[in-house]
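> can't give you the sequence, but here's the structure:
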């Protein structure tokens, strides 16, 4: 990269994150040039040191791609020391790709099912709304697992890290089995409660039973991958999702449309393919956790219940689960409002939100890097490094999600056309995509800040934020805009964008207070 190009990157905010990463990666590979961990860093726009050898600037691309290669290979790294930009990159690359695979999960079903009609798409949308409760529990347990394991790894205590992993997985199995049985038994009643039409009930009951019954694979997958992320072994979590998603992509069309020797199962086939893919990924993740070369290696001596450790995880995961439940269950309220405008409106909302999630999940992956950095830095008694990592990650996320938001606004009709040819459904989906994407710039920071609180074990603050913004503000606003003010589904979409933005502003104000730095885990 030329000197001129490098200087342009540093002075263009949207591209500055790339400059930070390349600079940190380059220095990290040259011990004779690497700064101390707490050395002050120049910010974008600061005067450059013209005495720097030109060769260093030309090494930037090499340093960046070397770091990317190391991230994909899962090279072991001490995230409590060294250049912050390189540490974030090593964590973020596999985490983003892991969440990209999860985002493919989110759109694969609706991509195939969209060929079966509006009722089939509505079935997926309503069932996914029910699964938000499951995702909330899975994310809550994952938050607890990541926070505790990261803190133990930062303290250089692998034995207690392995013990914590076992207790988190045990909790996940107990909770998921209870939920799975309940879901299978109550599936049709739950769909009816969500406002499903007779056509959706007839088509979607079996789909809902398979998806809700497979909750054990969802929760186990979330928790084991959270253990890997907390330990800084994000590459393994990425490979697990790749495996699960590859199976889903191959089996999905075969079971939905009856390709070759496979039966034509329609929308139910999509549920079976997804459940098989996730179950395979969960089993592989559990096996990988027992290998001696795993970053957190679980041996037979660790497989026992420890009440003290369980209580510790429950304290963090309990409010983490409530936090996720409040946040994700708010989508159920929004879906309930949209469902009042008919199946076509609901199908459009489902497609639009699936595409939004396709972008947000990789962004959540980048945010997870901040959680790991914070947890390990606090374990190493270095809160200054933790805070610096959070703001730096927020800048990277802004560059990514801001770019995606612009793309969504510009290309919404084309993106929606990949999922449906119904003009009414497509119009609703495009409107949803454009309006919600307008809040991405703010939410880029909001996501990172919430993840940082969770990584520090301060799950109470995001819980209160979710309750105030998503339930006390977003849902009432959506109803007022959609019903009394007559804006219809557009009002619901606007409420989402406004809530995204408000979350970021309030989270930033609370983060600057610094109380999260004193949280004990």
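Received the coordinates, thanks. Because the structure is a prediction, the values reported are computed rather than measured.
> lowest-pLDDT helix or strand in this structure?
Scoring the helices and strands of the chain by mean pLDDT, DSSP states H and E places helix 3-11 at the bottom, with a mean of 33.
> give the contact list for the most centrally placed residue in the chain.
Closest to where the C-alpha atoms of the chain average out (C-alpha atoms, centre = their mean) is residue 364, at 3.5 Å. Under the criterion of C-beta atoms under 8 Å, 6 or more residues apart in numbering, the neighbours of residue 364 are 99, 447, 451. C-beta coordinates here come from the backbone N, C-alpha and C atoms, glycine included.
> I'd like the average pLDDT over the helix or strand it falls within.
Using DSSP states H and E, residue 364 maps to helix 343-379. Averaging pLDDT along helix 343-379 yields 87.
> quick one: buried residues of that helix?
Of the residues in helix 343-379, 343-379 count as buried by neighbour count, 16 or more other C-beta atoms under 10 Å.
> show me how this protein divides into domains.
3-73, 84-518 (automatic domain parsing).
> lowest-confidence stretch among these?
Lowest mean pLDDT of the domains of the chain: domain 3-73, a mean of 48.
> ok, which stretches of the stretch 51-200 of the chain are strands?
Ranges of strands in the stretch 51-200 of the chain, per DSSP state E, counting those that start in this stretch: none exist.
> which residues touch stretch 237-254?
Against stretch 237-254 from outside (C-beta under 8 Å, 6+ apart): 72, 94-95, 97-99, 101-102, 104-105, 108-109, 112, 221, 224-225, 228-229, 259-260, 262, 269-270, 272-274, 276-278, 280-282, 284-285, 288.
> just the buried members of those?
Buried, going by 16+ other C-beta under 10 Å: 72, 94-95, 97-99, 101-102, 104-105, 108-109, 112, 221, 224-225, 228-229, 269-270, 272-274, 276-278, 280-282, 284-285, 288, out of the contacts of stretch 237-254.
> in helices, which of those residues appear?
72, 94-95, 97-99, 101-102, 104-105, 108-109, 112, 221, 224-225, 228-229, 269-270, 272-274, 276-278, 280-282, 284-285, 288 (DSSP state H).
> please report how far residue 495 lies from residue 404.
21 Å (C-beta to C-beta, to the nearest Å).
> who's more crowded, those two?
Taking neighbours as other C-beta atoms under 10 Å, residue 495 and residue 404 compare with residue 495 leading, 26 against 19.
> distance of the more buried one from residue 501?
For residue 495 relative to residue 501 (C-beta to C-beta), the value is 11 Å.
> and what of residue 461?
Taking C-beta to C-beta as the measure, residue 461 falls 18 Å from residue 501.
> and the two? Which one has more around it.
residue 461 (23 against 18).
> now that one, nearest residue through space, not along the chain?
The shortest distance from residue 461 to any non-neighbouring residue, by C-beta to C-beta, 6 or more residues apart in numbering, is to residue 453 (5.0 Å).
> go ahead and confirm the one you found touches residue 466.
No: Residue 453 is beyond contact range of residue 466, at 11.2 Å (criterion: C-beta atoms under 8 Å).
> show me which of those two is the more surrounded one.
Neighbours per residue (other C-beta under 10 Å) separate residue 453 from residue 466, with residue 453 holding more: 29 against 24.
> host element of the more buried one?
helix 440-455.
> so that helix versus helix 343-379, what angle?
Here helix 440-455 runs at an angle of 50 degrees relative to helix 343-379 (axes from the mean of the first three to the mean of the last three C-alpha atoms, to 10 degrees).
> helix or strand right after helix 440-455?
Sequence order places helix 460-466 as the next helix or strand after helix 440-455, per DSSP H and E.
> that next one packs against which elements?
For helix 460-466, the packing partners by 3 or more C-beta pairs under 8 Å, 6 or more residues apart in numbering; DSSP states H and E come out as helix 307-339, helix 440-455, helix 489-513.
> repeat that for 6 Å
If contacts are counted by 3 or more C-beta pairs under 6 Å, 6 or more residues apart in numbering; DSSP states H and E, helix 460-466 sits against helix 307-339, helix 440-455.
> what residues sit buried inside it?
Buried-residue list, helix 460-466, by 16+ other C-beta under 10 Å: 460, 461, 462, 463, 465, 466.
> please report how far the fifth one lies from residue 454.
For residue 465, the distance to residue 454 equals 11 Å [C-beta to C-beta].
> also residue 354?
For residue 354, the distance to residue 454 - C-beta to C-beta - is 25 Å.
> tell me who's in contact with residue 448.
Going by C-beta atoms under 6 Å, 6 or more residues apart in numbering, residue 448 touches 367, 370, 393, 394, 397.
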